[in-house]
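In: Kindly generate the corresponding structure for this input.
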Amino acid sequence: EELVESGGGSVQAGGSLRLSCVASGFTASRYCMGWFRQPPGKEREWVASIDSGRPILYADSVKGRFAISRDNAKKTLYLKMDSLKPDDTAMYYCAASRVGGDCSNVDYWGQGTQVTVSS
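Out: As a prediction, this is how the structure comes out:
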């Protein structure tokens, strides 16, 4: 079972990035999929989650700026990030959970992709 993220990078405040996460070794379409992030010197925090038949959920800090989506045929999870702020600087992780909702009971983690937003 593996999750591989890509799409991170360095951008200026106000810019955009799209993260991708490709799943392999398990049936990702049956899982709640989510994005988490860990800012420098802080604990990992939940960002957004998507699960079939349930409402998409976002942390208040990203609501209206980030959009999570998935393409089950491509086994890929996305996170479109607009209007980026320096506070969004973090390592971003893809996660899969057999428990729905905010995907907080994570079964699989990706290795992370770094997002750096400069002011």
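
In: going forward, measure contacts between C-alpha atoms and count neighbours the same way
Out: Will do.

In: okay, how far is it across stretch 37-50, tip to tip?
Out: End-to-end span of stretch 37-50 (Cα to Cα, to the nearest Å): 16 Å.

In: Can you pull out the low-pLDDT segments for the chain?
Out: For the chain, no stretch is flagged by pLDDT under 70.

In: Quick one: the strands in it, in order.
Out: 2-6, 9-12, 17-24, 32-38, 45-50, 57-58, 66-71, 76-81, 90-97, 108-109, 113-118 (DSSP state E).

In: Residues touching the third one, excluding its own?
Out: Surrounding strand 17-24, the residues in contact under the criterion Cα atoms under 8 Å, 6 or more residues apart in numbering are 1-9, 11, 74-82, 94, 110.

In: Can you flag the buried ones in those residues?
Out: Among the contacts of strand 17-24, those scoring as buried are 3-6, 8, 11, 75-79, 81-82, 94, 110 (criterion: 16 or more other Cα atoms under 10 Å).

In: Between those residues, which sits nearest Trp46?
Out: Trp46 lies nearest to Cys94 out of these, by Cα to Cα, at 10.1 Å.

In: ok, the closest residue to that closest one other than its chain neighbours - contacts?
Out: Of all residues not flanking Cys94 in the chain, Trp35 sits nearest, at 4.8 Å (Cα to Cα, 6 or more residues apart in numbering). By Cα under 8 Å, 6+ apart, the residues touching Trp35 are Trp46, Val47, Ala48, Ser49, Leu79, Tyr92, Tyr93, Cys94, Ala95.
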